[in-house]
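Student: Could you work out the structure for the sequence below:
(2 chains)
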Amino acid sequence: MSASANQGLRALADRWLPKLVLSPTLAASLIFVYGFIAWTGWLSFTESRLMPRFEWAGFVQYQALFENERWWTAAANLGIFGSLFIVCCLVVGLLMAILLDQKIRAEGALRTIYLYPMALSFIVTGTAWKWMLNPDMGLQKVMNDLGFANFTFDWLVNPDMSIYTVVIAGVWQSSGFVMALFLAGLRGIDDSIIKAAQVDGASLPTIYRRILIPSLRPVFFSVLLILSHIAIKSFDLVMALTGGGPGNSSDVPAIFMYQFAFTRGQLGQGAASAMMMLFTIVAVLVPLMYMETRSAKRV
Amino acid sequence: MELKRLTMAVLAATLLPATAMASEVEVLHWWTSGGEAKSVAELKKMMNAKGVTWKDFAVAGGGGDNAMTALKTRVVSGNPPTAAQIKGPAIQEWGAEGVLADIDLVAKAGNWDKLLPPVVSNVMKYKGKYVAVPVNVHRVNWLWVNPEAFKKAGATVPKTWPEFFAAADKLQKAGIQPIAHGGQPWQDATLFESVALGVGGADYYRNAFVKLDKATVGGATTVKVFETLGKIKGYIDKGAAGRDWNLATAMVINGKAGMQFMGDWAKGEFTAAGKVPGKDFLCVDAPGTQNAFTFNIDSLAMFQQKSPAAVKAQADLASTVMSKDFQEVFNLNKGSIPARLDTPLAKFDDCAKKSNFDMNAASKSNKLVPSFAHKMAMPSATEGAMVDVISQFMNSKMTPQQAAERLAKASAVR
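Tutor: Numbers count the residues shown, from 1 in each chain, chains lettered A, B, ... in the order given. Next up, the predicted model:
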């Protein structure tokens, strides 16, 4: 009797336990992610000011948003920062991974050093780089004190260049992580392929160009996914490094959203800008994921 | 028996917090820096003396932005603090949300209408009823001067804009940074506001930044204001970007810079460094703003409370804040002047006395205007949009004409 009852119980548990264990997570993400996205979407169609209000007002907030020059500054900065940040991280990360892959001495130590910035929060990175790039006490002063009187590096306080300092700090922080992903990808490739190529007389650069890098394709996708969402939601790094300044010159959509929603009493407009950020992420991620799943099916 | 004791214990445990909360006030504020924190400690002492427990709810940073975010969360969840540091038109915005408490009874008993200048009491009322208590009056249109640096450069303390630029040239020649400034949006706006009052006068200021008349904002006077501001820009060092105001004040204190445009909270930095007003540093009207006064009033807005005991504690808080003793000691620490007119000024320094005298004079000659850079004059959305334009002008090659046009557009944002 007990054996069959046990078996029935086990079957029941097998069927229900995974669902039971996953249900709190599912419920939480339904409410706290999708529920709040819907709520923000609804707010973006209202005249909400200091507090949420729920009367339908149509597209007024989007209209005001698109007429706001500061929003376009923020959007343009996101374009500059996002593309440069992703490209530089990919290039630097891949290069470091390839160099580390050459079976060198003290690889473990080097890997830790390169990966270490990832352990810092963006706030720490931003503050440290703010000090280093400050013309009055950082790099420029050191160079001037060393005798290079004409050396200037004032990007941090130059409204035309300030967004590029964010790129520098961002790349410094994230390229080590990208390197780790690529390195793992490289290590996962079967050694015999490389040996076969070597037997065929292929040089090392050719092996990397024709065999190794193309087989890293899935890693490229994951890296792109991770970097692009870091770029679009970036807030703390910019806040710590430039505070969006000088003026609004290094403003990004996340800062715009925070200020309008929480400090200026324009919750509706903040919600509209948040929805625009969501659409940007969707516009980047959906084609990427589509390509990824299609290529997975083909293989 | 055992069960009964248990029941009693549970009852006591549930009732105790309720009774403890009854005579307690929770005040949300961002008075966290040196002199300010001292001022708040005084209020806490006074409330404790009345048998009311003080629950501190200090949220530092962001010029109160962080505190406002915290406040919204509390109000939305139906658990507002007793009072919160809210000022200017924001009091009306909160009033419109229907969450502020009517403290008119306390005000009537204390005869507040007689004790406060009308410009001040108007800000404290929502629909004719008092909902907030003023704690101080800051003057914003000050110019802080290091006389030592001026002597070294052979410059004279300016009263007009031509004199100002002459002095700035002399300072620059002597190797002293003429103007200490921090390139943060609110500081840019503070500077702009003093220039606007100095160049355009009180009537222009009121039409443009209080009544938000679009034609005035985009008019020729505003172009002139931006021209002056553009000229001032040339006397500010490159490292100003993102500098905090107190670091800029420190430049004036050590004689690295000659002057700074800043409200009278800057005085706290000077006195903390052991400097004496009139001797080691001078507080003069920003050029062209003699007899005019841009005010920035801190106040505590009262939120509706549920229990009668909490309402009672709130009334105690309101009357304590308005008491002569508190107004005196708070403002001595903070560098501002009391909002209450009959507070004795014997213990205050010359800058505060001048501020008080100028406020009364400006009130009579109708030159007492609210500071818009400090959220006293316009809705926060409009203020934000205008500050965006000003700060962009300070950090780009925008022409004065373009800036005036864009400022006019910003003045229409509600």
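
Student: Please make it C-alpha for all contacts and neighbour counts, starting now.
Tutor: Noted.

Student: all helices for the stretch 251-400 of chain B, in order.
Tutor: Here the stretch 251-400 of chain B has its helices, by DSSP state H, counting those that start in this stretch, at B:266-272, B:308-322, B:324-334, B:350-364, B:380-394, B:400-411.

Student: List just the one of those helices that sits closest to B:Asp102.
Tutor: Of all those, helix B:308-322 sits nearest to B:Asp102, with 10.0 Å by CA to CA.

Student: so what secondary structure elements neighbour that closest one?
Tutor: Here helix B:308-322 touches helix B:2-22, strand B:24-29, helix B:34-49, helix B:104-110, strand B:132-139, going by 3 or more CA pairs under 8 Å, 6 or more residues apart in numbering or on different chains; DSSP states H and E.

Student: so what secondary structure elements neighbour the third one?
Tutor: Helix B:34-49 sits against strand B:53-58, helix B:308-322, helix B:324-334, with contacts defined as 3+ CA pairs under 8 Å, 6+ apart.

Student: Show me the contact partners of it.
Tutor: Residues outside helix B:34-49 that contact it (CA atoms under 8 Å, 6 or more residues apart in numbering or on different chains): B:31, B:53-54, B:268, B:316-317, B:320-321, B:326, B:329-331, B:333-334.

Student: same thing with the second one?
Tutor: With CA under 8 Å, 6+ apart as the test, strand B:24-29 has contacts from B:52-59, B:64, B:67, B:71, B:81-85, B:310, B:313-314, B:317.

Student: Show me which of those residues are buried.
Tutor: Among these, those scoring as buried are B:52-54, B:57-59, B:64, B:67, B:71, B:81-85, B:310, B:313-314, B:317 (criterion: 16 or more other CA atoms under 10 Å in any protein chain shown).

Student: Is the residue nearest the centre of chain B bridged to anything, and to what?
Tutor: Centrality entry for chain B: nearest residue to the mean C-alpha point is B:Asn296, 4.0 Å, by CA atoms, centre = their mean. With DSSP bridges as the criterion, B:Asn296 is bridged to B:His138.

Student: any idea how far whichever residue of the stretch 101-250 of chain A sits closest to chain B is from B:Pro185?
Tutor: Of all residues in the stretch 101-250 of chain A, the one sitting closest to chain B is A:Gly247 (4.8 Å; CA to the nearest CA). Counting by CA to CA, to the nearest Å, the separation of A:Gly247 from B:Pro185 is 6 Å.

Student: Over to B:Met394?
Tutor: In this view, B:Met394 and B:Pro185 are 9 Å apart by CA to CA.

Student: check contacts around the residue nearest to the centre of chain B.
Tutor: B:137-140, B:370-371, B:374, B:376.

Student: give me that answer again for 6 Å
Tutor: Each residue near B:Asn296 by CA atoms under 6 Å, 6 or more residues apart in numbering or on different chains is listed here: B:137-138, B:371.

Student: ok, so of those residues, who is nearest chain A?
Tutor: Chain A lies nearest to B:Ser371 out of these, by CA to the nearest CA, at 16.7 Å.

Student: Assess the claim that the closest one and B:Ile297 are in contact.
Tutor: No: B:Ser371 is beyond contact range of B:Ile297, at 9.1 Å (criterion: CA atoms under 6 Å).
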